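S.K.: Based on what follows, work out the 3D shape:
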Amino acid sequence: MTKRPRGFIVVTGSELVRGDRRDLNGPFLAGEMLRHGIEPARISIVGDGEEELSEALAEGLEGADLCVVSGGLGPTHDDRTVELVARAAGVGLRLDEELHEQIGAVSRAFAERLGRPYADFEPGVRKQATIPEGAHSLGLAGTAPGLVLEHCDTVVVVLPGPPAELQRLWRSTLESEPVRELLARTKPPDLRQLRFFGVSESTVAKALADAGGDGDGVEATICARDFEIHVDLVVEPGKGARADELSQRLVAPLERQLFSRDERPIEELVLDLCRERGLTLGTAESCTGGMVAERITSVPGSSDVFVGAIVAYADEVKARELGVPPEVLERHGAVSAEAAAAMAAGARERLGADIAVAVTGIAGPGGGSDEKPVGLVYLHAVGHDGSRSRDFVFPGDRASIRRRATVTALHLLRRLLEQTRDESA
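M.R.: Residues are numbered from 1 along each chain as shown. The predicted model follows:
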């Protein structure tokens, strides 16, 4: 492998260490580093305590070409990042007058809206405008400034903790002179993705090994994500032919399970397939409680395809809102292939959609029986030109079962759309 500059990521926040919130900044920054030719060597998640954060910063400033720190830039006593970065770099602190003015303007407007005196905010404003000697501002996100500092052979970047604010200031980070100089020495790898559905992680791993495995300028990682298997290939410059050969041999025995060669999520692929055919889409959901619709509507522009969803949890709602015949519910039950088919048909009719998918099941932890165990899920997708249905008994807890049912419903839609597209070609 080509030796790339090393990147360290330090994510701060006691709420992350306690498990109250999930870290989104580390994965984002690691992906961005790799995309720009920097090897993300380590992500350290530490609390707001002085000792733990100091240790993580010392390691980052000593062992990395680029050290990015997120969080701890607020006005309160436990926001220690700037102070400890300065200590780790062996420099003092200074009040940046321009930052003081900028943060003060934001805080004055906030104080006015709340009807409070600005004097209440001034100590916090001064704290946030006090930065390490030699550091430069990357701009503000709210009242938190992003900072860049050069220390020996390490470029140190300090960004706010809220993911939206961090990502907004990341663009300024890439445009800063120290980071541009570092990136000028890198050779970004070619990043390729293969996405599979309906095959196990071990089967994909065997296919990779049979294809010759990674190495020789191509690094492969395999990750299972909610019933999908993602294979990422990091291809060093000049090794494209080797990556082509490996990909071809890996995919050959798994062609039917391959659904994507790029990073688009399944919900985006479904929307694109609908657009290709000029179709509108709706959902009918019971055990997933709207999760399929949430995934679809998370994609910007989904409104040109998605018309709506009916979350029908109770049997009477399935009958009243989706037109599921009472005899279907009485004879087969709400968790059945017959109910799923009736729900999908009802969604098409009631929502006026060209294609619809329905999900009904037992997510647990209670409600199961020997005949219909927890994890049993029925899915049905129907359109003008045909339908597809599946049933599974998903393992795991309630959250896992619901996530897997959601992903499976989206893939059922994809397969129906691909089937009808191929038949009309």
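S.K.: Quickly note the distance from the residue in the chain sticking out farthest from the centre to A319.
M.R.: Distance from the centre of the chain peaks at E327, with 42.3 Å (Cα atoms, centre = their mean). E327 sits 10 Å away from A319, going by Cβ to Cβ, to the nearest Å. For the C-beta atoms, the positions are set from N, CA and C on the backbone; glycine is no exception.
S.K.: re earlier: just checking, next helix/strand downstream of the helix or strand where the residue farthest from the centre of the chain lies?
M.R.: Element membership for E327, per DSSP states H and E: helix 326-332. Remark: after helix 326-332, the chain's next helix or strand is helix 337-351, criterion DSSP H and E.
S.K.: What are the buried residues along that next one?
M.R.: 338-348, 350-351 (16 or more other Cβ atoms under 10 Å).
S.K.: Equivalent analysis for stretch 254-272, please.
M.R.: By neighbour count on 16+ other Cβ under 10 Å, the buried set for stretch 254-272 is 254, 257-260, 265-271.
S.K.: Render the CA-only coordinates of that stretch in PDB, please.
M.R.: Extracted C-alpha coordinates of stretch 254-272, given in PDB (Å, rounded to 0.1, in the frame of the first residue of the first chain):
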ATOM      1  CA  LEU A 254     -23.000 -13.100  -6.700                       C
ATOM      2  CA  GLU A 255     -24.400 -11.300  -9.700                       C
ATOM      3  CA  ARG A 256     -28.100 -11.800  -8.700                       C
ATOM      4  CA  GLN A 257     -27.400 -10.400  -5.200                       C
ATOM      5  CA  LEU A 258     -25.500  -7.300  -6.400                       C
ATOM      6  CA  PHE A 259     -27.800  -4.300  -6.300                       C
ATOM      7  CA  SER A 260     -25.400  -1.300  -6.600                       C
ATOM      8  CA  ARG A 261     -21.900  -0.300  -7.500                       C
ATOM      9  CA  ASP A 262     -22.100   3.100  -5.800                       C
ATOM     10  CA  GLU A 263     -22.800   4.600  -2.500                       C
ATOM     11  CA  ARG A 264     -26.500   5.500  -3.100                       C
ATOM     12  CA  PRO A 265     -28.700   3.900  -0.400                       C
ATOM     13  CA  ILE A 266     -31.500   1.500  -1.400                       C
ATOM     14  CA  GLU A 267     -34.200   4.200  -0.900                       C
ATOM     15  CA  GLU A 268     -32.500   6.400  -3.500                       C
ATOM     16  CA  LEU A 269     -32.300   3.600  -5.900                       C
ATOM     17  CA  VAL A 270     -36.000   2.800  -5.500                       C
ATOM     18  CA  LEU A 271     -36.900   6.400  -6.200                       C
ATOM     19  CA  ASP A 272     -34.600   6.500  -9.300                       C
END
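S.K.: ok, residues contacting that stretch?
M.R.: 192-199, 203-204, 207, 228, 251, 281, 295-296, 298-299, 301-302, 305-306, 407, 410-411, 413-414, 417 (Cβ atoms under 8 Å, 6 or more residues apart in numbering).
S.K.: my guess is R6 meets M33, correct?
M.R.: No: the pair R6 / M33 is not scored as a contact, 9.3 Å apart, by Cβ atoms under 8 Å.
S.K.: Any stretches of the chain with poor pLDDT?
M.R.: 1-2, 420-425 (pLDDT under 70).
S.K.: related to what we said a few turns ago, now the common contact residues for R6 and M33.
M.R.: In contact with both R6 and M33: 39, 66, using Cβ under 8 Å, 6+ apart.
S.K.: okay, the two: which has more neighbours?
M.R.: Comparing R6 with M33 by other Cβ atoms under 10 Å, the one with more neighbours is M33, at 22 against 18.
S.K.: List the residues that contact the more buried one.
M.R.: 7, 9, 39-40, 66, 68.
S.K.: how would you label L379: helix, strand or coil?
M.R.: Here L379 is strand, with the state taken from DSSP: H, G, I helix; E, B strand; the rest coil.
S.K.: If you could redo that for R185, that was the one I meant.
M.R.: Per three-state DSSP, R185 ends up coil.
S.K.: and if you look at L174?
M.R.: helix.
S.K.: Residue numbering should commence at 226 henceforth.
M.R.: Let's use 226 as the start, then, which means that last one is L399.
S.K.: check contacts around it.
M.R.: 261, 405, 408.
S.K.: How many residues are close by the first one?
M.R.: Residue neighbour count, defined by other Cβ under 10 Å, stands at 18 for H261.
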